[in-house]
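In: Have a look; sequence and predicted model below, questions after that.
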Amino acid sequence: MANADQVKLLIKSHFNDEQERFYTVALQIAASEARQGHAALANDIMKLIEKGKRERRSNVISFPRDLRALVLTTIPDISYSALVVPQKMRKRISRILHEYRYMDKLKAYGLKHRRKILLIGPPGTGKTMTASILAKELTLPLQTIQVDRLVTKFMGETSAKLRQIFDLIEQECAVYFFDEFDAIGGERSKDNDVGEMRRVLNSFLQFIEQDTSDSLIVAATNNPGLLDQALFRRFDDILYYELPDHSQQKQLISNVLGVFLKKNLNWQIVLAESNGLSHGEIADAVRNAIKEAILAGEKQVDEEKLLIMIEEKKDARKGCSKE
């Protein structure tokens, strides 16, 4: 059941018209009930929250004014089954979820659950989706930190905003996602680095080291070589993402096609042409092929449409590489 502090915060946020804080506390209560095995109650709470958000249609964020443009709040609905990764990776993600659900059991033995996670891999390989799935599975809101807005040219301002974000992490349990993390986690010894960014990195190292909340902190980067080596020691787990192999390509294409999947699809040529594309690129190509089939009045997607859209994705990648 909800503890006294949660009840007081729930009432306070309601009368202060702080809707996002109200939803966050309610989600915390749902997560607590789920950890105690009260799945039905947790599910009922989630449904009430989702219904309330739909009816109110409010975009008000209850964060401090300075953070409203820096943190994007969402309630993910992406299913775990939609994530196409090797079984080894799936087990590691499941372990993070399992430890979170039984954190109290670990705390009783003086141990902490994995809650500071670094995701590394090429664009479109499932890093952002993983953060969304962690939030969905744990019935927590996803708070995405807008790193491009976090970093400013004014001395001390970025570190001050980082402190506010970590105060929020301590106060409101959620999954906090730092995408393009290398923007603030760059190697301190780089010759072209400026003093302000070194201070920002030092601040982040200090804040993440001192953080003892139950929130999950998830950072993602496409460029691990740019990260300061001290960062790697601050994370409880590091997951490496790669481009899909033929088995994952086939699973991904089948998942996205669904009822549009042709029974006798020539998988050999489709998979061969998909080599080198990311999960996101393949999924986009398949969805484009589905749209072509719908507009043509067809109920299935054939190899020809798939190959055309896959080739377009390859052409787009070539164009980007030339710029």
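Out: Cool, got the structure.

In: hey, where'd the helices end up in the stretch 101-250 of the chain?
Out: Under the criterion DSSP state H, counting those that start in this stretch, helices of the stretch 101-250 of the chain are mapped to 103-107, 127-137, 147-150, 157-171, 182-185, 195-210, 229-232, 246-257.

In: Does the fifth one pack against any helices or strands, and if so which?
Out: If I follow you right, that is helix 182-185. Packing partners of helix 182-185 (3 or more C-beta pairs under 8 Å, 6 or more residues apart in numbering; DSSP states H and E): helix 147-150, helix 195-210, strand 216-221. Bear in mind the C-beta positions are built from the backbone N, C-alpha and C, glycine included.

In: Alpha carbons of that helix, as PDB, please.
Out: Taking Å, rounded to 0.1, in the frame of the first residue of the first chain, the C-alpha atoms of helix 182-185 are listed here in PDB:
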ATOM      1  CA  ASP A 182      28.600  12.200 -25.000                       C
ATOM      2  CA  ALA A 183      27.500  15.900 -25.200                       C
ATOM      3  CA  ILE A 184      28.200  16.200 -21.500                       C
ATOM      4  CA  GLY A 185      30.300  13.100 -20.900                       C
END
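
In: How far does that helix sit from its chain's centre?
Out: 17 Å (C-alpha atoms, centre = their mean, to the nearest Å).

In: Please identify the buried residues of stretch 221-240?
Out: Buried residues in stretch 221-240, counted by 16 or more other C-beta atoms under 10 Å: T221, N222, P224, L227, D228, L231, R234, F235, L239.

In: returning to that earlier point: nearest to A30 among the helices and strands packed on helix 182-185 would be which one?
Out: Of all the helices and strands packed on helix 182-185, it is strand 216-221 that lies closest to A30, at 15.5 Å by C-beta to C-beta.

In: May I ask you to confirm that T73 belongs to a helix?
Out: No: under DSSP: H, G, I helix; E, B strand; the rest coil, T73 falls outside any helix and is assigned strand.

In: L142 is in contact with that one, correct?
Out: Yes: T73 is in contact with L142 according to C-beta atoms under 8 Å; the separation is 7.4 Å.

In: More neighbours: which of these two?
Out: L142 (23 against 17; other C-beta atoms under 10 Å).

In: The nearest residue to that one once chain neighbours are set aside: what's it in contact with?
Out: Leaving aside its chain neighbours, L142 sits nearest to A135 (3.9 Å; criterion: C-beta to C-beta, 6 or more residues apart in numbering). Contacts for A135 (C-beta atoms under 8 Å, 6 or more residues apart in numbering) come out as T74, I75, P76, P141, L142, A174, V175.

In: Please tell me how far the first one sits from A135.
Out: From T74 over to A135 the distance is 8 Å, taken as C-beta to C-beta, to the nearest Å.

In: Name the residues contacting each of these two.
Out: In contact with both T74 and A135: P141, L142, using C-beta under 8 Å, 6+ apart.

In: Among the helices of the stretch 101-250 of the chain, which comes closest to I310?
Out: That would be helix 246-257 among the helices of the stretch 101-250 of the chain, by C-beta to C-beta, at 9.7 Å.

In: Nothing else from me, thank you.
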